[in-house]
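Participant: I need the structure of the sequence given here:
(one chain, ligands or ions: 1)
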Amino acid sequence: MTDPVISRPENDLPGKPTGASRTTLSHIMTQNDTNLMGTVHGGVIMKLVDDAAGAVAGRHSGGPAVTASMDEMVFLEPVKVGDLVHVHAQCNWTGRSSMEIGVKVMAERWNESTPATRVGTAYLVFAAVDDNGKPRPVPPVVPENDEDRRRHQEAQIRRSHRLARRRAIKESRGA
Ligand SMILES: CC(C)(COP(=O)(O)OP(=O)(O)OC[C@H]1O[C@@H](n2cnc3c(N)ncnc32)[C@H](O)[C@@H]1OP(=O)(O)O)[C@@H](O)C(=O)NCCC(=O)NCCS
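Facilitator: Below you'll find the predicted structure:
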């Protein structure tokens, strides 16, 4: 029986498991990373998120990939100087040439062994591109466990919402 969660392949490339491109990027926050309130600037976190997601997109697609959109970037807790931030990223879903990368941001004190807390999440869409910057096909992602399958299913919901929103705005502009 076909797994209903693994969407029909949008090209003939062989599938690639989620674990093959999962990536973690870690960074200690310093005074250089702060905003006027003395906590870490959201843009610093967004850069790390984009970097980690970009590594996953490049690894999954086996070549260059560009950020097409970043949505649902949520900041749950302030990040402080001296926090060791871990940015966990994985490919949740693939289309023909696009990939949704899910990112979880965790923070812990650099010199304490207290558990890390979740400080943010984000979903980014990357498009794999060829040498001319044109979209190229990506291997279908193959979820490996129940959590991957849940993320894959939820990514499909976000994908259909993104498409519906773009279509509705285009229609309202009379395009
Ligand atoms: C992303 C880009 C390659 C898309 O090119 P395009 O000519 O519009 O190509 P398409 O319409 O075929 O889109 C390619 C894929 O990206 C997806 N996509 C494009 N724009 C998107 C957006 N805003 N949000 C989500 N997905 C998007 C499409 O749905 C399509 O997915 P699919 O192939 O899996 O069905 C192009 O817009 C681009 O180069 N953007 C600049 C990227 C960049 O420089 N990023 C860094 C920012 S500093």
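Participant: contacts, neighbours, all on C-alpha from now
Facilitator: Will do.
Participant: wait, doesn't Val79 sit right on Thr117?
Facilitator: No. Using C-alpha atoms under 8 Å as the test, Val79 is too far from Thr117 to be in contact (10.1 Å).
Participant: So for the two, which residues contact both of them?
Facilitator: Ala107 (C-alpha atoms under 8 Å, 6 or more residues apart in numbering).
Participant: More neighbours: which of these two?
Facilitator: Val79 (25 against 14; other C-alpha atoms under 10 Å).
Participant: A helix includes the more buried one, no?
Facilitator: No. In this structure, Val79 is coil, not part of a helix, as judged by DSSP: H, G, I helix; E, B strand; the rest coil.
Participant: what's near enough to touch the residue nearest to it when sequence neighbours are not counted?
Facilitator: Nearest residue to Val79 in three dimensions, chain neighbours excluded: Val40, at 5.3 Å (C-alpha to C-alpha, 6 or more residues apart in numbering). By C-alpha under 8 Å, 6+ apart, the residues touching Val40 are 29, 33-34, 78-81.
Participant: Can you tell me the centre-most residue of this protein?
Facilitator: Ile101 (2.7 Å; C-alpha atoms, centre = their mean).
Participant: can you pull the pLDDT of Glu72?
Facilitator: For Glu72, the pLDDT comes out at 84.
Participant: isn't it right next to Gly120, touching?
Facilitator: No. Glu72 lies out of contact with Gly120 (C-alpha under 8 Å); the separation is 9.9 Å.
Participant: Just want to know which of the two has more residues nearby.
Facilitator: Using other C-alpha under 10 Å, the more surrounded residue of Glu72 and Gly120 is Gly120, with 22 against 11.
Participant: That one: which element?
Facilitator: strand 117-128 (DSSP states H and E).
Participant: model confidence over that strand, on average?
Facilitator: 98.
Participant: And it, what does it pack against?
Facilitator: Using 3 or more C-alpha pairs under 8 Å, 6 or more residues apart in numbering; DSSP states H and E, the elements in contact with strand 117-128 are helix 42-61, strand 65-75, strand 98-109.
Participant: Perfect, I'm done here.
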